[in-house]
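In: Sequence and predicted structure, then a few things I'm wondering about:
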Amino acid sequence: MSAKIYDYTKICSSVLDIDPKIRFAGVINERGRLVAGGMKPNVEPLESEKDDEMIFMELALRVKMRKEFDKQLGPVNFAMASRERALAISVIINEDILYVVSEPDSDYGVLPKKIIEIIHS
């Protein structure tokens, strides 16, 4: 069975438009490389470009490790980390990861659902 083809650039752009508190929307491949999207224009990054690379690689590794439990628990719909300075959400798209970062006071009850709706629309 072949995987559905997604327009990652369009998805990232649509996600950035959901809420003004979203800072970043990018697609990360299984090797931890940014393949589409990025920081919202005129937003100051919280970390350096080198730190971004490490965050993306760590995210890719975490996603691979979570897949170990898909048989028992079912696949992950999304994962979220609430930090002092940011809210990070990751959603699997085929073998890649949509990674979204927003302000820490974003509505974490609504945001993941809106992101998933964009992916599946």
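Out: The structure has been received and is ready for your questions.

In: what's in contact with the helix or strand containing residue 27?
Out: With elements taken from DSSP states H and E, the one containing residue 27 is strand 22-28. Residues external to strand 22-28 that are found in contact with it (Cβ atoms under 8 Å, 6 or more residues apart in numbering): 8, 11-13, 15-16, 34-40, 43, 46, 56, 59-60, 86, 93, 96-103, 106, 111. To be clear about C-beta, it is placed using only N, CA and C from the backbone, and glycine gets the same treatment.

In: and it, which strands flank it?
Out: Each strand paired with strand 22-28, and its direction, by DSSP bridges: strand 34-39 (antiparallel), strand 96-102 (antiparallel).

In: residues in contact with residue 115?
Out: By Cβ under 8 Å, 6+ apart, the contact list for residue 115 reads 15, 18, 78, 89, 91, 98, 100.

In: hang on, I meant residue 14
Out: Residues in contact with residue 14 (Cβ under 8 Å, 6+ apart) are residue 118.

In: which SS class is it?
Out: At residue 14 the chain is in helix, as set by DSSP: H, G, I helix; E, B strand; the rest coil.

In: Could you report the separation of the residue nearest to residue 55 when sequence neighbours are not counted from residue 11?
Out: Counting by Cβ to Cβ, 6 or more residues apart in numbering, residue 47 is the residue found nearest to residue 55 once chain neighbours are left out, at 7.0 Å. Distance of residue 47 to residue 11, given as Cβ to Cβ, to the nearest Å: 23 Å.
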